[in-house]
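S.K.: just to be clear, the model below is a prediction. Sequence and coordinates:
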Amino acid sequence: MKILITIPHAFLGPNGTERRTERNLYGSESNLASERAAALLRCVSALHQNFGANQRLIGPADMPCNPDHASITIVVCTAGDQHLVGHLPPGLVHHHATTMHPRLLGFACHALLKANLGSFDWYGYVEDDIELTDSMFFDKLAWFNAAFGPKALLQPNRFEVSTGPVPKLYIDGPVLNDASTGAFQDVSLRPRMIAPALGRSLVFQKTTNPHSGCFFADRGQMAAMADHPEYGQFTTAFSSPLESAATLPILRCFDVYKPAPENASFLEVRHIDQRMLDVVVQYTRQRDGLAKHVSEIGA
């Protein structure tokens with residue numbers, strides 16, 4: 001199995017010294033350089049660790065493991081000198097430098113995916129703070145495609161974790177009355193699909209929020225996307241250039257599903273930058289603190 005992964009990456013923090021403010025919505029614009037470099041390294045390393053070669057079992061013979069591993073190629077797209085690729089160990093990625101505006105790097109990734117049509121079995125677009133931790137990830141996608149056909153495409157659920165009162169949070173909840181999604185797919189048509197696997201019935205639902213910070217397509221699906229007349233063109237039709245680059249190519253061409261809440265972990269990716277969870281944890285603590293205060297007053 002041959003996999004091509006493209007990653008748009010930029011670091012726009014002012015001198016790498018200012019931390020996030022409420023107005024800085026994206027990690028590339030706000031975090032410390034050390035934090036952004038660490039996130040990029042985790043993103044890239046996880047791809048090699050889960051899908052690359054040279055996996056072994058410790059012992060006298062240093063036995064090879066998972067011999068059916070993939071051949072993975074990772075290309076990081078950057079804009080000018082606004083990046084941290086130099087912080088990565090050598091040999092992990094191919095560096096594709098551009099003169100594009102940093103917010104448009106996703107569309108440079110689209111061009112690379114299209115230029116490599118037919119050369120890989122799987123094609124992926126992954127934001128630079130997404131971590132794939134499931135070595136069966138592409139096997140699950142292949143199973144889904146075989147079960148439901150090429151018109152349906154499965155997106156992973158994106159989550160954040162902590163050791164606080166909310167240990168795990170799926171951060172891309174449903175969007176109500178969202179025109180950008182409704183313009184591309186009718187969620188009332190074939191809204192849920194069920195298939196038996198692993199001794200249970202797995203449920204997949206057509207989602208009003210297909211964004212996951214990434215997308216993945218097999219050969220046929222990639223060819224269908226690349227053939228769309230608007231593929232690779234700059235757009236803000238889905239929220240912003242960043243969300244549009246990660247979501248519109250699949251939304252234009254497929255019925256997009258995610259694992260339903262009852263089996264949300266069937267296909268998932270971790271959002272390393274846990275800004276959503278931080279907000280929820282803060283709210284939870286404030287709410288619990290207020291409830292305790294009210295209870296003490298009542299007592």
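M.R.: Arrived safely, thanks for sending. Numbers count the residues shown, from 1 in each chain.
S.K.: so what's residue 52 up against?
M.R.: Neighbouring residues of residue 52 by Cβ atoms under 8 Å, 6 or more residues apart in numbering: 69-70, 72. C-beta here means a position set from N, CA and C on the backbone, and glycine is covered the same way.
S.K.: again, only using 7 Å
M.R.: Residue 52 makes contacts with 69, 72, as judged by Cβ atoms under 7 Å, 6 or more residues apart in numbering.
S.K.: phi and psi next, for it.
M.R.: Residue 52 adopts backbone torsions of phi -90, psi -180, taken as degrees, to the nearest 10.
S.K.: against residue 65, how distant is it?
M.R.: Note on residue 52: its distance to residue 65, by Cβ to Cβ, to the nearest Å, is 12 Å.
S.K.: report the separation between residue 50 and residue 217.
M.R.: 18 Å.
S.K.: so between those two, which is more surrounded?
M.R.: residue 217 (24 against 20; other Cβ atoms under 10 Å).
S.K.: so the more buried one makes contact with residue 223?
M.R.: No: using Cβ atoms under 7 Å, residue 217 makes no contact with residue 223, being 8.7 Å away.
S.K.: name the residues that touch stretch 224-231?
M.R.: Residues outside stretch 224-231 that contact it (Cβ under 7 Å, 6+ apart): 110, 114, 117, 217, 249-250, 252-253.
S.K.: endpoint to endpoint, it covers what distance?
M.R.: For stretch 224-231, the first-to-last residue distance is 10 Å (Cα to Cα, to the nearest Å).
S.K.: SS state for residue 221?
M.R.: The local conformation at residue 221, judged by DSSP: H, G, I helix; E, B strand; the rest coil, is helix.
S.K.: which residues sit in contact with the closest residue to residue 51 other than its chain neighbours?
M.R.: Residue nearest to residue 51 in three dimensions, not counting chain neighbours: residue 70, with 4.4 Å by Cβ to Cβ, 6 or more residues apart in numbering. For residue 70, the contact set (Cβ under 7 Å, 6+ apart) comprises 1-3, 51.
S.K.: mind checking which of these are in helices?
M.R.: Mapping the contacts of residue 70 onto helices (DSSP state H) picks out residue 51.
S.K.: residue 88 and residue 42 touch, don't they?
M.R.: No: with contacts counted by Cβ under 7 Å, residue 88 stays clear of residue 42, the gap being 10.9 Å.
S.K.: which parts of the stretch 51-200 of the chain are helices?
M.R.: Using DSSP state H, counting those that start in this stretch, the helices of the stretch 51-200 of the chain run over 105-115, 137-148, 179-182.
S.K.: mean neighbour count, those: which tops it?
M.R.: Neighbour counts (mean count of other Cβ atoms under 10 Å) averaged over each of those peak at helix 105-115, with a mean of 21.
S.K.: so where's the stretch 151-299 of the chain uncertain?
M.R.: Under the criterion pLDDT under 70, the flagged ranges of the stretch 151-299 of the chain are 176-182, 281-299.
S.K.: over to the stretch 1-150 of the chain?
M.R.: Within the stretch 1-150 of the chain, the segments meeting pLDDT under 70 span 14-31.
S.K.: apply 90 and report the result again.
M.R.: Where the stretch 1-150 of the chain drops to pLDDT under 90, the residues are 12-32, 53-56, 58-70.
S.K.: now what about the strand ranked longest in the chain, what contacts it?
M.R.: Criterion DSSP state E: the longest strand present in the chain is strand 71-79. With contacts defined as Cβ under 7 Å, 6+ apart, strand 71-79 is touched by 2-10, 44, 47-48, 51-52, 85, 92-98, 100-102, 105, 108-109, 112.
S.K.: from those, which land in strands?
M.R.: Assigned to strands by DSSP E, the following of these qualify: 2-8, 94-98.
S.K.: so which of these comes closest to residue 142?
M.R.: Using Cβ to Cβ, residue 3 comes nearest to residue 142 of these, at 11.9 Å.
S.K.: now residue 98: closest residue in space, sequence neighbours ignored.
M.R.: Once flanking residues are discounted, residue 98 sits nearest to residue 108: 5.2 Å by Cβ to Cβ, 6+ apart.
S.K.: list the contacts of the one you found.
M.R.: 77, 98, 100.
S.K.: so how far is residue 7 from it?
M.R.: Taken as Cβ to Cβ, the span from residue 108 to residue 7 is 11 Å.
S.K.: equivalent analysis for residue 42, please.
M.R.: Here residue 42 is placed at a distance of 12 Å from residue 7 (Cβ to Cβ).
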